[in-house]
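Colleague: can't give you the sequence, but here's the structure:
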C-alpha cells in the first residue's frame, strides 16, 4: 500500500514538473515570431465597434490561420503618450504567426470576406505593419 | 522513514502544483493591463540601432518602472502588410503596466535621461500610444 502511494506521488510530481516546464516554454515562445499588426488610426468622424471586432471579426480571421497562429491580441487606444497630441490609434489587432508566407497563403483566398466585414465595425482604413518579435 | 518520504513527496507535489498555477496565471495576465507603445515611424534618412535599443535603452527605462512593469517587448519592422506601401514603423517598444499613473510618476523624474539617450540609437521622433489590453 505504502509503495503504491509513493509511486503515485512520484508520478504526480513528475507530471507537475513537466506541466510547469510547458507553461514556462509557452511564456517565452514569442521571440522570433512574425507579428502582423492591423492599426486603426484615429481621426474625427471615424468609428470603431470594439464589441463586434472582438466577438466576430478577429475570431473569423483567426479561424483562417490554423496552426500557424500562435496567438492574437486586441487593444483599445486611450490617448497619446505625448501631451496635447491626438490619439494615434483607436484600436490595434495583432496576429503572432510562425510563417509569413503561410499567413499570406491563408489570407489570400479570404481577403474579400475579410474586407467585406470591415463595414460591420469601422469606417477606418487600417495601417498594417509586418514585424519580427525581437523580445 | 517511509512517512518522512511521503511527506516530502507531498510537499514537492504541492510546490509544483503552485508553481504550474503561477505560470498559468502569467500566461493570461495581459488582459486589462495598460500598454505604452513607443513607435518609431520609418522615413528616408531615418536610422535605428536595434542592438543599442535592446541591450541599453529599453533595459534602462524598464529599470525605472519597478514592480508596476509586467513585461516589455521589442519588435523590428519588416514591411507594410499592404502591397506597394512604405514600411510604417522601423521599430516598436512596449511596456505592459498595471497602473498608468504609476508609470507616469516613475517616468517623470527620468524624462531627461530617457530623452538624452535617444541620440544614441535613433534620429526618429516616436509616436506614443497608450492603450488598454482587451484580449
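Modeller: Perfect, thanks for sending it. All figures in this text were calculated on a predicted structure; none of them were measured in a lab.

Colleague: got the domain boundaries for chain A?
Modeller: Domain assignment of chain A by automatic domain parsing yields the ranges A:1-30, A:32-132.

Colleague: how about those domains, which one is nearest residue B:70?
Modeller: Of all the domains of chain A, domain A:1-30 sits nearest to residue B:70, with 11.7 Å by C-beta to C-beta. (C-beta placed from N, C-alpha, C; glycine too.)

Colleague: for the domains of chain A, which one sits closest to residue B:92?
Modeller: Of all those, domain A:32-132 comes closest under C-beta to C-beta, at 6.8 Å.

Colleague: figure out how far the longest strand seen in chain A is from the centre of its chain.
Modeller: Secondary structure of chain A read by DSSP state E shows that its longest strand is strand A:69-80. Relative to its chain's centre, strand A:69-80 lies at 7 Å (C-alpha atoms, centre = their mean, to the nearest Å).

Colleague: what pairs with the helix or strand that that strand is followed by, and is each one parallel or antiparallel?
Modeller: Remark: after strand A:69-80, the chain's next helix or strand is strand A:89-97, criterion DSSP states H and E. Strand A:89-97 has the following strand partners under DSSP bridges: strand A:34-41 (antiparallel), strand A:69-80 (antiparallel).

Colleague: name the residues of strand A:89-97 that are buried.
Modeller: If you call a residue buried by 16 or more other C-beta atoms under 10 Å in any protein chain shown, then strand A:89-97 has these buried ones: A:89-97.

Colleague: could you work out the most separated pair of those?
Modeller: Largest separation among the buried residues of strand A:89-97 by C-beta to C-beta: A:90 and A:97, giving 23.8 Å.

Colleague: can you pull the buried residues of the helix or strand harbouring residue A:128?
Modeller: Assessed by DSSP H and E, residue A:128 sits inside strand A:127-133. Neighbour counts over strand A:127-133 (16+ other C-beta under 10 Å) mark A:127, A:129-131, A:133 as buried.

Colleague: ditto for stretch A:48-68
Modeller: Under the neighbour-count criterion of 16+ other C-beta under 10 Å, stretch A:48-68 has A:48, A:53-54, A:57-58, A:61, A:64-65, A:68 buried.

Colleague: export those residues to JSON lines and tack on distance to chain B and pLDDT?
Modeller: Below are the buried residues of stretch A:48-68 laid out as JSON lines (distance: C-beta to the nearest C-beta, whole Å; pLDDT from 0 to 100):
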{"residue": "A:48", "distance to chain B": "12", "pLDDT": "98"}
{"residue": "A:53", "distance to chain B": "9", "pLDDT": "98"}
{"residue": "A:54", "distance to chain B": "6", "pLDDT": "98"}
{"residue": "A:57", "distance to chain B": "12", "pLDDT": "98"}
{"residue": "A:58", "distance to chain B": "8", "pLDDT": "98"}
{"residue": "A:61", "distance to chain B": "12", "pLDDT": "98"}
{"residue": "A:64", "distance to chain B": "15", "pLDDT": "98"}
{"residue": "A:65", "distance to chain B": "14", "pLDDT": "98"}
{"residue": "A:68", "distance to chain B": "15", "pLDDT": "98"}
